[in-house]
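S.K.: Using only what follows, build the 3D model:
(one chain, ligands or ions: 1)
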Amino acid sequence: MSAKKKGVLFSGQFGFVIAAAGSAVGVGNLWRFPYLAAKDGGGTFIIIYLVLVVSFGFTLLVSDIAIGRKTGKSAIHAYEALSRKWKFLGILTFLVPVVIMTYYAVIGGWITRFMVDFIVGNGTAAADDGYFVSFITSPVSPVVYGLIFMVVTGFVIYNGVEGGIERCSRLLMPVLIALVVGIAIFSLTLSYTDADGTVRTGLQGLVVYLKPDFSQMTPGTFLKTLLDAMSQIFFSLSVSMGIMITYGSYVKKNVNLYRSVRQIEVFDTGVALLAGMMIIPAVFVFSGMEGMAKGPTLMFVAMPKVFAAMGPAGRYMGIAFFALAIFATLTSCISVLESITANCMEIFHASRKKTTVVLTVIYCAATAVIALGYSVLYCDIPLPGGGTGQLLDLMDYISNSLMMPIISLLSAILIGWVVGSKCITDEMTLNGEKFGRKRLYNVMIRYVVPIVMLILTLQALGLLSWLK
Ligand code: PFF
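M.R.: This next block holds a predicted model:
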């Protein structure tokens, strides 16, 4: 195990949990979860999601964090320390944040631009059809905002683990929670009368969000919902991408890992549920079911429309909403860059400050390229799951849809069948702590995770499209 110097560790359990929760809570919770819940039958999706979080999410989170703390290293060297022959898995894992980082600051830049719009009183223009598209297709503004976001991220990483990452998370996460709870309560109090006299209320929207709808369920749609929930869990918990291995390597040996994992699960899932409660009733009240747009448009098109319909209060709600989104995105973006930085420091035996500066320059260039993927560098790239996408979608597809299930599959084989799950369970009970769900962990890592990850990989390759 590497000797970690002072200041290269989280201060304790709270510092670790708040930083890990900062990584986990991001745009995935704010727009992806509510959108999937709306699409996959409300409460049905939520029930399936909850069951999967405490089984799959838990297993993957435990594996990553325990590997990190046990080896004291980041992905590449951590997998090598477990088994020399499996270093390739470390390299593959390291590549996920390398790819994600090319586009994460671009999304952060979009959010920043929208917040600035609401601050300067330009919020009603942001609600116009075509505003979002005309913004991202312009060649200058998205690049400038993306670069600002990238440089701020680099600055936090430059200041180290406790002084940068932990301090930033301690500051932003409580504000984030207060904002999400406040906006969710406000959403439930809304009411709107349509031109044809139909009245829609926030509480009706809450029913749309929470009530399970089994009426449309077939074996095909059930499997689809299961797969949607699974891929959301990867993304949302930041697992199978080396990030939690890196954060795990900064955890002191006396910290109770099981309790930390439980707190991260609750934090991340709680914010996702609250985000749904904030967004779905609001969109339902002002735009009906048709407003539940797909993907980024929910955040950048549907929500500005909601704020515009609120009247003068909308401007302030818009500022609060986008501030919340910036905090969530920044703490996630930080974890992506930290994972790359930590691996590079180990590979090149370089200092944190030097590594951060070099990586920030490289990723500023990458951010500019991806941001220009909607204007100067526009191209329509066919994706295996059907449809086409731009550069950002391609990077997202490679990292999230393709690499993550393959990595989870391989790491489950490594832990469950090659080195044995005892190396993880021993780390979880290092100080004699109770490891609840230990039997569940053993069954999941050996049998369930490999099979489901194989199915997810086939789906990502477009080989399950025959399922109706
Ligand atoms: N977990 C973050 C979210 O739910 O938005 C997303 C994320 C963070 C993805 C960090 C990838 C990552 F490397």
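S.K.: Can you tell me which residues in the stretch 251-400 of the chain are near the ligand?
M.R.: Counting by Cβ under 6 Å from any ligand atom, the stretch 251-400 of the chain comes close to the ligand at 332, 335-336. (C-beta placed from N, C-alpha, C; glycine too.)
S.K.: Low-confidence stretches in the stretch 351-468 of the chain?
M.R.: 385-386, 465-468 (pLDDT under 70).
S.K.: do that again at 80, thanks
M.R.: For the stretch 351-468 of the chain, the stretches with pLDDT under 80 are 384-387, 401, 459-468.
S.K.: Show me what the helix or strand where V151 lies is in contact with.
M.R.: Using DSSP states H and E, V151 maps to helix 141-158. With contact meaning Cβ atoms under 8 Å, 6 or more residues apart in numbering, helix 141-158 is reached by 105-106, 108-110, 112-113, 135-136, 164-165, 168, 329-330, 333-334, 337-338, 341, 352-353, 356-357, 359-360, 363-364, 367-368, 370-372, 374-375.
S.K.: let's see 6 Å
M.R.: With contact meaning Cβ atoms under 6 Å, 6 or more residues apart in numbering, helix 141-158 is reached by 105-106, 108-109, 112-113, 136, 164, 168, 333-334, 337-338, 341, 356, 360, 363-364, 367-368, 371.
S.K.: In helices only, show me those.
M.R.: 105-106, 108-109, 112-113, 136, 168, 333-334, 337-338, 341, 356, 360, 363-364, 367-368, 371 (DSSP state H).
S.K.: Contact partners for G163?
M.R.: Contacts of G163 were listed using Cβ under 6 Å, 6+ apart, and none were found.
S.K.: The chain: strands as residue ranges?
M.R.: With DSSP state E as the criterion, the chain has strands at 191-193, 199-201, 381-382, 388-389.
S.K.: just for the stretch 201-350 of the chain, where's the confidence low?
M.R.: 216, 220, 223-224, 289-298.
S.K.: rewinding a little: what is the nearest of the residues of the stretch 251-400 of the chain next to the ligand to L60?
M.R.: Closest approach to L60 among these (Cβ to Cβ): S335, at 15.5 Å.
S.K.: which residue sits closest to the closest one in space, ignoring its chain neighbours?
M.R.: The shortest distance from S335 to any non-neighbouring residue, by Cβ to Cβ, 6 or more residues apart in numbering, is to S23 (3.4 Å).
S.K.: Count the residues that sit near that neighbour.
M.R.: 26 (other Cβ atoms under 10 Å).
S.K.: was I right about it contacting S236?
M.R.: No: using Cβ atoms under 6 Å, S23 is not in contact with S236, being 10.3 Å away.
S.K.: buried ones in stretch 380-395?
M.R.: By 16 or more other Cβ atoms under 10 Å, the buried positions in stretch 380-395 come out as 383, 389-395.
S.K.: If we only consider those residues, which is nearest to the ligand?
M.R.: Ranked by distance to the ligand (Cβ to the nearest ligand atom), the buried residues of stretch 380-395 are led by M395 at 11.4 Å.
S.K.: pretty sure the closest one is touching I100, no?
M.R.: No: between M395 and I100 there is no contact under Cβ under 6 Å: 7.3 Å.
S.K.: any common contacting residues for S23 and S236?
M.R.: In contact with both S23 and S236: no residue, using Cβ under 6 Å, 6+ apart.
S.K.: For the nearest residue to T429 once chain neighbours are set aside, grab phi and psi.
M.R.: Distances taken as Cβ to Cβ, 6+ apart place F435 nearest to T429, at 5.1 Å, with adjacent residues excluded. Dihedral pair for F435: phi -110, psi 90, per degrees, to the nearest 10.
S.K.: how many neighbours does F435 have?
M.R.: 20.
S.K.: residues in contact with it?
M.R.: 258, 428-429.
S.K.: Those residues into JSON lines, with extra columns for neighbour count?
M.R.: As requested, these are exported to JSON lines (neighbours: other Cβ atoms under 10 Å):
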{"residue": "Y258", "neighbour count": "19"}
{"residue": "M428", "neighbour count": "23"}
{"residue": "T429", "neighbour count": "15"}
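S.K.: What about the residues you listed, which are in helices?
M.R.: The members of the contacts of F435 that map onto helices under DSSP H are 258, 428.
S.K.: Of the contacts of F435, which is the nearest to the ligand?
M.R.: Looking across the contacts of F435 and measuring by Cβ to the nearest ligand atom, the closest to the ligand is Y258, at 20.9 Å.
S.K.: If we ignore the residues flanking it in sequence, what's nearest the closest one?
M.R.: In this structure, Y258 finds its nearest non-sequential neighbour in F435, 5.2 Å apart by Cβ to Cβ, 6+ apart.
S.K.: Can you give me the neighbour number for whichever residue of the stretch 251-400 of the chain sits closest to the ligand?
M.R.: At 3.7 Å from the ligand, S332 is the closest residue in the stretch 251-400 of the chain, using Cβ to the nearest ligand atom. The criterion is other Cβ under 10 Å. On that basis, S332 has 24 neighbouring residues.
S.K.: pretty sure it contacts V27?
M.R.: No: if you go by Cβ under 6 Å, S332 and V27 don't touch, sitting 7.4 Å apart.
S.K.: In contact with K253, which residues?
M.R.: Counting by Cβ under 6 Å, 6+ apart, K253 touches no other residue.
S.K.: what about the closest residue to A366 other than its chain neighbours, how many neighbours?
M.R.: Distances taken as Cβ to Cβ, 6+ apart place T102 nearest to A366, at 4.2 Å, with adjacent residues excluded. The tally of other residues near T102 (other Cβ under 10 Å) stands at 25.
S.K.: before we move on, back to that, contact partners for the residue nearest to S335?
M.R.: 238, 243, 332, 335.
S.K.: of all those residues, which comes closest to I185?
M.R.: S332 (24.7 Å).
S.K.: Could you check how far the residue nearest to that closest one when sequence neighbours are not counted is from F135?
M.R.: Among residues not flanking S332 along the chain, G26 sits closest, at 3.4 Å (Cβ to Cβ, 6+ apart). G26 sits 21 Å away from F135, going by Cβ to Cβ, to the nearest Å.
S.K.: who has more neighbours, the two?
M.R.: Between G26 and F135, counted using other Cβ under 10 Å, G26 has the larger neighbour count: 28 against 18.
S.K.: That one reaches A328, doesn't it?
M.R.: Yes: here G26 lies in contact with A328, judged by Cβ under 6 Å, at a distance of 5.0 Å.
S.K.: Could you list the low-pLDDT ranges of the stretch 1-150 of the chain?
M.R.: Applying pLDDT under 80 to the stretch 1-150 of the chain flags residues 1-7, 31.
S.K.: re earlier: got JSON lines for the residues of the stretch 251-400 of the chain next to the ligand, with distance to A272 too?
M.R.: Output for these, formatted as JSON lines (distance: Cβ to Cβ, whole Å):
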{"residue": "S332", "distance to A272": "13"}
{"residue": "S335", "distance to A272": "17"}
{"residue": "V336", "distance to A272": "19"}
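S.K.: Which of these sits closest to R69?
M.R.: Closest to R69, out of all of these and judged by Cβ to Cβ, is S335, at 16.2 Å.
S.K.: Number of residues surrounding that closest one?
M.R.: The burial count for S335: 27, using other Cβ under 10 Å.
S.K.: S134 and A66: what is the separation?
M.R.: 48 Å.
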